[in-house]
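Student: predicted model, plus sequence, below.
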Amino acid sequence: NAGVTQTPKFQVLKTGQSMTLQCAQDMNHNSMYWYRQDPGMGLRLIYYSASEGTTDKGEVPNGYNVSRLNKREFSLRLESAAPSQTSVYFCASSDQPGTYEQYFGPGTRLTVT
Amino acid sequence: GENVEQHPSTLSVQEGDSAVIKCTYSDSASNYFPWYKQELGKGPQLIIDIRSNVGEKKDQRIAVTLNKTAKHFSLHITETQPEDSAVYFCAASMGGSARQLTFGSGTQLTVLP
């Protein structure tokens, strides 16, 4: 049972480049989330998916798009990366409607130069 | 939307002493308050949570208290050990379709041997 996995672990992009961050969970959870973590600002919700087939904006969605590919996978896309998107990105999942607990992946450290 | 403030941002204690981290929230509709621990290079992990119908909850050396009237909740760690050194985040949720969490900015706890 791997839990929540994220790829890649590290990525360096130039301004204007695009990339997709991948996330998968093997716990049969319904809900999945993307957060970014910046120093002194905690974790901020970018997008979430309450269930397969649905996605919604979180607190900081500008510059990002998401795809809930199936129940297991939830990807985050940066179409035109900007230095302000330099951050650590975490994917999480939770079991709805069972509990509120969110299980986090190990994170992707993204640097945009 | 919900706003969660967390204090202090850094906390150093001697091994064996107690540590207290405090959070306030803004929306009285919030009904779930988890605490997450994040070790270096890893994703956050739930350590304890409390729902709005409970005033206090304990799990071995850790406890959480909730004051709904004042809209604040606290994490208490007793008999601290070096392995308690980490970043701790509080969060609040109003429920909703995906039970989104709003996180505090984090507290770096250092337990000095």
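Tutor: Now that the structure is in, tell me what you want to look at.
Student: what about the residue in chain B that chain A sits nearest to, how many residues close to it?
Tutor: The nearest approach of chain B to chain A comes at B:Gly43, 3.2 Å away (Cβ to the nearest Cβ). From N, CA and C alone the C-beta is placed, and that goes for glycine too. By other Cβ atoms under 10 Å in any protein chain shown, the residues close to B:Gly43 number 23.
Student: helix, strand or coil for A:Ser84?
Tutor: helix (DSSP: H, G, I helix; E, B strand; the rest coil).
Student: low-confidence regions, the chain specifically.
Tutor: I went with chain A, as the question did not name one. Low-confidence regions of chain A, defined by pLDDT under 70, span residues A:96-98.
Student: chain B was what I was after
Tutor: In chain B, no residues with pLDDT under 70.
Student: quick one, strands of it?
Tutor: B:4-7, B:10-14, B:19-25, B:32-38, B:45-51, B:56-59, B:62-67, B:72-77, B:86-92, B:102-103, B:107-112 (DSSP state E).
Student: which one, of these, ends up nearest to A:Thr108?
Tutor: Checking these against A:Thr108 by Cβ to Cβ gives strand B:32-38 as the closest, at 15.0 Å.
Student: what's the angle from that closest one to strand B:86-92?
Tutor: 160 degrees (axes from the mean of the first three to the mean of the last three Cα atoms, to 10 degrees).
Student: CA atoms only for strand B:32-38, dumped as PDB, please.
Tutor: Provided in PDB are the C-alpha atoms of strand B:32-38 (Å, rounded to 0.1, in the frame of the first residue of the first chain):
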ATOM      1  CA  TYR B  32     -13.600  20.200  12.500                       C
ATOM      2  CA  PHE B  33     -10.100  21.100  13.700                       C
ATOM      3  CA  PRO B  34      -7.200  18.800  12.900                       C
ATOM      4  CA  TRP B  35      -3.500  19.100  13.800                       C
ATOM      5  CA  TYR B  36      -0.800  17.900  11.400                       C
ATOM      6  CA  LYS B  37       2.900  17.300  12.000                       C
ATOM      7  CA  GLN B  38       5.300  17.700   9.100                       C
END
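Student: which residues touch that strand?
Tutor: A:100-101, A:104, B:23, B:25, B:44-52, B:62, B:64, B:66, B:73, B:75, B:86-93, B:95, B:99, B:101, B:103, B:106 (Cβ atoms under 8 Å, 6 or more residues apart in numbering or on different chains).
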